[in-house]
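Peer 1: Could you look at this predicted model? Sequence included:
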Protein chains: 4
Amino acid sequence: MTKKAPLVMIPGPTPVAEPVRQAMAVQTYGHNYSGFVEIYRECLNGLKTIFQADHMVVIGGSGTLAMEMTLINTVKAGQDLLVVSHGAFGDRFAAIAKVLGINADVLSCPPGSRVPLAEIEKALASKRYAALTLTHVDTSTGVLAQAKEVGELAKKYDVLYILDGVCASAGVPEPMKEYGIDVIVTTCQKAFGTPPGLTMIAFNEKAAARRDELGTVPGYYTDWKNWMPIMENPSLYISTPPVNHIVALNEAVKLILAEGLAARYARHERIGRSFRAGLAALGLETVTEKEALAPTLSVVKYPPNVDDAAFRAKVEENGVFIAGALGPLKGKAFRVGHMGIIGMDEIAITLTAIERALAALGVKVTPGAAVGAAWQEWDSVRPAQGCACCCG
Amino acid sequence: MTKKAPLVMIPGPTPVAEPVRQAMAVQTYGHNYSGFVEIYRECLNGLKTIFQADHMVVIGGSGTLAMEMTLINTVKAGQDLLVVSHGAFGDRFAAIAKVLGINADVLSCPPGSRVPLAEIEKALASKRYAALTLTHVDTSTGVLAQAKEVGELAKKYDVLYILDGVCASAGVPEPMKEYGIDVIVTTCQKAFGTPPGLTMIAFNEKAAARRDELGTVPGYYTDWKNWMPIMENPSLYISTPPVNHIVALNEAVKLILAEGLAARYARHERIGRSFRAGLAALGLETVTEKEALAPTLSVVKYPPNVDDAAFRAKVEENGVFIAGALGPLKGKAFRVGHMGIIGMDEIAITLTAIERALAALGVKVTPGAAVGAAWQEWDSVRPAQGCACCCG
Amino acid sequence: MTKKAPLVMIPGPTPVAEPVRQAMAVQTYGHNYSGFVEIYRECLNGLKTIFQADHMVVIGGSGTLAMEMTLINTVKAGQDLLVVSHGAFGDRFAAIAKVLGINADVLSCPPGSRVPLAEIEKALASKRYAALTLTHVDTSTGVLAQAKEVGELAKKYDVLYILDGVCASAGVPEPMKEYGIDVIVTTCQKAFGTPPGLTMIAFNEKAAARRDELGTVPGYYTDWKNWMPIMENPSLYISTPPVNHIVALNEAVKLILAEGLAARYARHERIGRSFRAGLAALGLETVTEKEALAPTLSVVKYPPNVDDAAFRAKVEENGVFIAGALGPLKGKAFRVGHMGIIGMDEIAITLTAIERALAALGVKVTPGAAVGAAWQEWDSVRPAQGCACCCG
Amino acid sequence: MTKKAPLVMIPGPTPVAEPVRQAMAVQTYGHNYSGFVEIYRECLNGLKTIFQADHMVVIGGSGTLAMEMTLINTVKAGQDLLVVSHGAFGDRFAAIAKVLGINADVLSCPPGSRVPLAEIEKALASKRYAALTLTHVDTSTGVLAQAKEVGELAKKYDVLYILDGVCASAGVPEPMKEYGIDVIVTTCQKAFGTPPGLTMIAFNEKAAARRDELGTVPGYYTDWKNWMPIMENPSLYISTPPVNHIVALNEAVKLILAEGLAARYARHERIGRSFRAGLAALGLETVTEKEALAPTLSVVKYPPNVDDAAFRAKVEENGVFIAGALGPLKGKAFRVGHMGIIGMDEIAITLTAIERALAALGVKVTPGAAVGAAWQEWDSVRPAQGCACCCG
């Protein structure tokens, strides 16, 4: 590529900090070399801290594989699974359940809204589910789920609680013990700010016990029991882990812990609000209900007469790469990620690229108003602790 | 790490060339960004050329996941699978088959030898197998299988032929059409010289048709039918691919094609012979039978009274990281990889590290004899075409 | 450094493109290794194209050393030199002349204005000067000199014409043959976008002949005659050249030639105008007269009651590193570079950082107005040829 | 370059460690950015520790410029300078002195031998010299001078003692206070293991006072008085320093101090002896007298009938880049550097490349004998402290 690639502002992958990029390029280590074993351990321990997890598995794969692996390790074919779906990624649990022979009951709702807690409770009360899945932030609709409240229901009805953190982890709080989460399914290319390629699962002793109860499970690479000894002692071997990726993730984890979890989550909140203040100044609205807005991405309705493909081509021409919408929203909305190392500079660049694209397509805009509004929102907050979010 | 890591001479991961390392560190792209889509396509096409493949799937995972994914897509639970095993990685097919409910008949042999062709034929004649697996090079025993001859048997008995290329691909010829291979299961951190983290599967139309016959398969991420449209058009989406890894693999593939397949395979042969000439000068012997020696790694018997752990610790102290043996060979042999970008400089460094370790442990050696013998073997060949093996 | 460094928006060094950065990091070559010799040659040839130069010397040093080296090679102690000064860097020629025993007559003017051509002509007519120096863009005042018109005077009065291109080269046209320039003194960390560390001199046959006339000159490293054979044949040796830096500069030169000189100069013009449109929207004015505004940097007057140190500290806190003013302007103005790979994203980030700093210091601003005005100016131009300015 | 560059084994530039390479590629900083100012200071302080220096100047340039700059700052035109020359780089002081109008008396000797101390003393006793220069290691002849003993003479005759450390610094002890050295002239691409491009001068108060006595000196960039305030406070400005290079040198200095000076000098000694043990096993002899052998490079006589160009071409074909000889030795000897991060692996690779080249040119060799002898020499020493020489 001789042309500079556009700024990547889709809801994952997100831009990668320099130390994480450099770590991707280390001369690869033997997977059982003591120096690497130490890094792997440090990385897993850091993740346990972030999630309050008893166990962590990090291997090559993707978020979808993490979802599949989790169902394989916690639900038997023929058992019932309650899927709370706020969009395409909620639905995916059902699709995976299907091929695994698991019966999934799906609670859905219109795009942009949340399944009411009462509806979830009603379902839980009606049947004994082996597990419940919730998508913390559904990347297709920008909906932030009520992870804590659902945790209370899960506890009340004693159902294994699986949270899909893919588009939330490291950007939105996910304290497993505090919220009563049993498994977090996640990956690295969203708020972790690491290039894609990992399957990451955090789980507690209850989930580990569930795996034991299942006996044999229909997976080998995906049987987390095969991996648990390696995660305790990475000098052991079952299948070669993604060495460089682990080194990179460890750098990302170190940056996260250096920023501080509270400061990081607050920064994501603030960035999200600021971006949306900018959108509002352009007359744009989110698909997502006000109460359900995720800090990590925005799904934005097109104004009348703006063509999806033409708009996104213009924005890319303006140097920013954003995403179209999925499923029923396709053509009607666009999606912008704002997580990981994305800061106000990237927000300003993106709002300007959007503003100019709208203008080029005939929409009336006040030049600079979006950026101005975003910064005003940002500056209206005084963070308790300095936002040392990013990285050299 | 403040100390320089030792030279990685295990049978994978292997050292990574500069352009491949730099590619690992690119600022990550949107997975559907046109610039990346083009790279993905170029990479897949290059691999198709290397393997004479009709289809390629390259996603996040590992070689083991490639094995599992292949069984999922080609053999149904309850069907029969013939596993020709030359060691731990042959046996792994049986272990995976077991959890998938597939009946595996395993043909084994003593470590270092090959299952005779006649035995394979006998088995094929005795039962109608859904598929046959063969490990091209078993990383545990250093045995190179008779991939071509088994292809002829597979054809004769019309059985789907799955070759595990993990420790062979890009170092030993694997022309699917020529050898009658239906599926090659492989990964990137061995002779491809790319950091670990990928599941790579090459297959032909026959294997694709087999997948279709199976209807639903017990996997979602591992259902290659979910990936085939993306592999044809990488701007489509099912699960985020490992972007940076693909960019890196593409660089590795370009280096391979620039070297030329014939030259590359010849170089691996020559390197293997040279290393073993050096071993012989030290009085060391391989576990592997002479006829079955793989060009990509050597599994070497310890002389009497040399302790495995002490020896490998010494070699590491001497700056080289080698591997212990697995299974029944554990403690009795060590393993050294010599594939990918490894050249004679690394061979010489490794032989010297071994020589010095032996000396330190009381074995009588002639200083320099191993290196001298290795280079003499190397220099005894005049390659038809200049060996431009390596990379800036 | 654990904190991310601020965006460097001073008038040099300027941000460095990825391929140039990567080139800085190549494993260093032998200075007479054929592969490097080829790169050195390519680099020098590219520079000759950019400047229409007969000779190029590129060695380790800085712009100031290039100035000194040029006087050493063209003017004898005791001879007269006419220095046209538009600020601190014009005056520097006089300071260097002094230590070399050269008599410098300096034509000055108030900061921000130009020495009138008539005054230059008057001086040239009054005395036979060995050489004339002109600072193409004076980094202290932001004044763009009349390089072409002065070239006509130099021709008319047959005086050796030395142009200091440091803050102009690769951002403002400097066609030696067309403008009648005999020597261009320059360096790499401004519009060339390469990290600092080089002395670069372009000269023609007339300047080469002048050197010959001087016989011995009071410099060894600085005697360009010692270097001319190496520049013709970089496999020769006099003193080790800055290998990695040459590789990096060559990448920068390739990016410049790929962009095209006309397109590049037009882009710099447009960026400069856009930045100033933004400044105007903030009520800020340049020190520099309207007719003399350089495309490569702006020197901006502080509004009343804005403290230099406080303002720049705020801007740095906002993530952007700008410069204070020099000499008589110190404390009264600030300086911002906008050259090399700097594009509208960096302009917008910088304007916002300035706007927020002003607001924080009590100046009334309309949020976003500066960015809006800058983009409107940018979008008011349709470049004849696509602006493929930047680089992956 | 698509081909891998050969291993650079010339006496500078030498191979660069990963952290130093990465530092070369940092996104460049403003030269007065606080983060960089801190790095510059740390680097200068580290160098002061290495040299026991009162003052350090590190700017863009080369070793030759450091020599010239030192004469400019310490000796007036017309004054007398005693040059002790052990080859081309000793003679260079005389060449520089000449263009600066300094009278140089040169003490020479046959290539490979040292000027006797008695001869130096005789010269010092005969005339009042403004300064004395000594080349610590002459890169052309491989002669290590008697730096300490000459220091005693310099003290006795109260002459300013300038030591050219270019091919010695960081590989051979140069404790200024202990040896009575007043100025060390050096650079970075030899035992410092940093890419070339720097002028480095260490000096004491006596040399600083000498500069003061001189009043005006015929240099501006080369007047170290212009730089001394910046070296005390790098946030000040006179001419832009080579930012990335300073960051890289700082990494190199940190590696040196982490290794420990005593351990580092011992390692260089041991490497030098080991390489020469290997040469001896090939029947090769050094040009340099046994007592004068430098730890940092070897200058090796060709055996009869071996052609310089053909031999070096073969060695390069074998993957190693070595140097021809200079001046009277041209064609009669070759030169190999062994300093900085070069370890026994590189020594072994180089000896093998030499052995194979000799064999190809018809010289009888015992394959492996050179490597064997080198390692035997290396292993005959038990370093007091572990040799943690290298770097990740």
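Peer 2: Thanks, I have it.

Peer 1: Tally up the residues packed near the residue of the stretch 151-300 of chain A found nearest chain C, please.
Peer 2: Of all residues in the stretch 151-300 of chain A, A:A258 sits closest to chain C, at 6.7 Å by C-beta to the nearest C-beta. Yep, even glycine has a C-beta here, placed from its N, CA and C like the rest. Number of residues near A:A258 (other C-beta atoms under 10 Å in any protein chain shown) recorded here: 14.

Peer 1: would it count as being in a helix?
Peer 2: Yes. The assignment for A:A258 by DSSP: H, G, I helix; E, B strand; the rest coil puts it in a helix.

Peer 1: Could you grab the helix/strand/coil label for the nearest residue to A:L329 once chain neighbours are set aside?
Peer 2: With sequence-adjacent residues excluded and distances taken as C-beta to C-beta, 6 or more residues apart in numbering or on different chains, A:L329 is closest to A:P111, at 5.6 Å. What three-state DSSP gives for A:P111 is coil.

Peer 1: which residues sit in contact with A:P111?
Peer 2: Shown here is A:P111, whose contacts under the criterion C-beta atoms under 8 Å, 6 or more residues apart in numbering or on different chains are A:G87, A:S140, A:T141, A:V287, A:G327, A:P328, A:L329.

Peer 1: That one and A:G165: what is the separation?
Peer 2: 21 Å (C-beta to C-beta, to the nearest Å).

Peer 1: Same question for A:T366.
Peer 2: In terms of C-beta to C-beta, A:T366 sits 38 Å off from A:G165.

Peer 1: Please say which of these two ends up with more neighbours.
Peer 2: Taking other C-beta under 10 Å, A:T366 and A:G165 do not tie; A:G165 has more neighbours (30 against 16).

Peer 1: Please verify my assumption that that one contacts A:C188.
Peer 2: No. Taking contacts as C-beta atoms under 8 Å, A:G165 lies outside contact range of A:C188: 11.2 Å.

Peer 1: The residue nearest to A:T74 when sequence neighbours are not counted and chain B, how far apart?
Peer 2: Leaving aside its chain neighbours, A:T74 sits nearest to A:R210 (5.0 Å; criterion: C-beta to C-beta, 6+ apart). A:R210 sits 17 Å away from chain B, going by C-beta to the nearest C-beta, to the nearest Å.

Peer 1: mean confidence score for the helix or strand containing A:R210?
Peer 2: Element membership for A:R210, per DSSP states H and E: helix A:205-214. In this model, helix A:205-214 has a mean pLDDT of 98.

Peer 1: contacting residues for whichever residue of the stretch 201-350 of chain A sits closest to chain D?
Peer 2: Nearest residue of the stretch 201-350 of chain A to chain D, counting by C-beta to the nearest C-beta: A:V247, 11.3 Å away. Counting by C-beta under 8 Å, 6+ apart, A:V247 makes contact with A:A23, A:M24, A:V26, A:Y29, A:F36, A:I39.

Peer 1: Just checking the helix or strand hosting A:L134 against chain B, any contact.
Peer 2: Using DSSP H and E, A:L134 falls within strand A:131-135. No. Judged by C-beta under 8 Å from any C-beta of the partner chain, strand A:131-135 stays clear of chain B, getting no closer than 13.9 Å.

Peer 1: Please enumerate the helices of the stretch 151-300 of chain A.
Peer 2: Counting by DSSP state H, counting those that start in this stretch, the stretch 151-300 of chain A has helices at residues A:176-179, A:205-214, A:224-232, A:243-259, A:261-281.

Peer 1: one step back: can you name every helix or strand that the strand holding A:L134 contacts?
Peer 2: In terms of contacts (3 or more C-beta pairs under 8 Å, 6 or more residues apart in numbering or on different chains; DSSP states H and E), strand A:131-135 is packed against strand A:80-84, helix A:88-99, helix A:147-156, strand A:160-164.

Peer 1: one step back: next one: the residue of the stretch 201-350 of chain A closest to chain D relative to A:G35, how far apart?
Peer 2: From A:V247 to A:G35 the distance is 10 Å (C-beta to C-beta).

Peer 1: A:F192 now?
Peer 2: Counting by C-beta to C-beta, the gap from A:F192 to A:G35 is 23 Å.

Peer 1: Compare these two (neighbour count), which wins?
Peer 2: Higher neighbour count among A:F192 and A:G35: A:F192, with 29 against 17, using other C-beta under 10 Å.

Peer 1: Can you say which two of the contacts of A:V247 are spatially most distant?
Peer 2: Within the contacts of A:V247, two members stand farthest from each other by C-beta to C-beta: A:M24 and A:F36, at 14.2 Å.

Peer 1: The residue nearest to A:I10 when sequence neighbours are not counted pairs with what?
Peer 2: In this structure, A:I10 finds its nearest non-sequential neighbour in A:A323, 4.1 Å apart by C-beta to C-beta, 6+ apart. Here A:A323 sits in beta bridges with A:R335, as judged by DSSP bridges.

Peer 1: okay but A:A323 is in contact with A:V336, surely?
Peer 2: Yes. Applying C-beta under 8 Å as the test, A:A323 and A:V336 come out as touching, 7.4 Å apart.

Peer 1: Cool, thanks, talk later.
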